[in-house]
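Visitor: coords below, sequence missing:
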Ligand SMILES: NC(=O)C1=CN([C@@H]2O[C@H](COP(=O)(O)OP(=O)(O)OC[C@H]3O[C@@H](n4cnc5c(N)ncnc54)[C@H](O)[C@@H]3O)[C@@H](O)[C@H]2O)[C@@H](O)CC1
Ligand SMILES: [K+]
């Protein structure tokens, strides 16, 4: 069953109000995404994984993935596209502050796209269901960088620049090898399998009762 982006936000909010907090959803989302990625690439040990994260909760999922992948022995670099004090949500801030205590993960922030390694995998946690309008900087340059780099590309929830409701694209968008979306498929995503690559919808622990009155 496919759902709308509005329904997803309503289910998320209702689950949160039931006590299944958004930070738990984010944790499960990041963990489920890492499981799918590892199924594909096999051993993460010593792989160079570059994770682009935006300032919203799509980025937060990417921050969770960074912590899990470090646990699997990957060499993880996180590029936060903006200033850490501009991270928008409590749950993303919480995950950033954990990474600040983890020397096993290299943290970068701002708008630089200079990396002193060649990534084996890029994770696109730039934009998800919160996308509006044409892509602004520094996200636009990061999306171009991803598209110009030859490696395996993994989209968190939706390839950035693809509208998960309509299936329409903004001026710039990522083209990925795998996309893992959360809870249930959003209507617009499967319309662009050419951008999502292999596509999965993973449960993230939201109680089915959170759907009551919404679906
Ligand atoms: N809905 C849910 O149940 C869950 C959502 N999660 C994640 O949260 C994401 C949604 O998070 P948010 O609502 O914070 O939204 P996003 O993280 O998609 O991004 C919203 C932010 O990006 C900026 N932005 C929007 N359009 C832009 C554009 N065209 N150019 C540049 N910047 C732009 C806005 O300033 C906004 O703050 C989902 O895609 C998913 O990855 C997960 O944490 C798990 C639970
Ligand atoms: K994304």
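Guide: Okay, I see it. Because the structure is predicted, anything quoted here is derived from the model rather than measured. Ligands and ions are numbered 1, 2, ... in the order given.

Visitor: Can you list the strands that the helix or strand residue 179 falls within pairs with?
Guide: In the assignment (DSSP states H and E), residue 179 maps to strand 178-182. Taking DSSP bridges as the criterion, strand 178-182 forms sheet pairs with strand 152-156 (parallel), strand 198-202 (parallel).

Visitor: Test my guess that residue 156 contacts residue 124.
Guide: Yes. Counting by Cβ atoms under 8 Å, residue 156 does reach residue 124; the two are 6.3 Å apart. For every residue, glycine as well, the C-beta is placed using N, CA and C.

Visitor: and residue 102, how far is that from residue 70?
Guide: 6 Å (Cβ to Cβ, to the nearest Å).

Visitor: out of the two, which sits in the more crowded spot?
Guide: Shown here are residue 102 and residue 70; by other Cβ atoms under 10 Å, residue 70 has more neighbours (20 against 15).

Visitor: can you count the residues close to the nearest residue to the more buried one once chain neighbours are set aside?
Guide: Closest residue in space to residue 70, ignoring its immediate chain neighbours: residue 104 at 4.5 Å, by Cβ to Cβ, 6 or more residues apart in numbering. Around residue 104 sit 14 other residues, with neighbours defined as other Cβ under 10 Å.

Visitor: Residue 133 too?
Guide: Other residues lying near residue 133 total 7 when counted by other Cβ under 10 Å.

Visitor: dump the residue contacts of it.
Guide: Going by Cβ atoms under 8 Å, 6 or more residues apart in numbering, residue 133 touches residue 170.

Visitor: again with the one 10 residues further on
Guide: Counting by Cβ under 8 Å, 6+ apart, residue 143 touches 124, 126, 135, 160, 161, 172, 173, 174.

Visitor: re earlier: I'd assumed residue 68 was in contact with the residue nearest to residue 70.
Guide: No. Contact between residue 104 and residue 68 fails when scored by Cβ under 8 Å: they sit 11.6 Å apart.

Visitor: The closest residue to residue 72 other than its chain neighbours: neighbouring residues, count only.
Guide: Using Cβ to Cβ, 6+ apart and skipping the chain neighbours, the partner closest in space to residue 72 is residue 44 (4.0 Å). By other Cβ under 10 Å, 21 other residues sit near residue 44.

Visitor: Tell me if residue 44 really is in a strand.
Guide: No. Counting by DSSP: H, G, I helix; E, B strand; the rest coil, residue 44 is not part of a strand but coil.

Visitor: State the phi and psi torsions of it.
Guide: The phi/psi pair for residue 44 (degrees, to the nearest 10) reads phi -90, psi -10.

Visitor: which ones are touching it?
Guide: Each residue near residue 44 by Cβ under 8 Å, 6+ apart is listed here: 38, 69, 72, 73, 74.

Visitor: same deal with residue 58?
Guide: The contact partners of residue 58, by Cβ under 8 Å, 6+ apart, come to 125, 126, 127, 128, 129, 130, 156, 157, 160.

Visitor: Got a quick ChimeraX command for the buried subset of those residues?
Guide: Remark: buried members of the contacts of residue 58, expressed as a ChimeraX selection using 16 or more other Cβ atoms under 10 Å:
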select :125,126,127,128,129,156,157,160
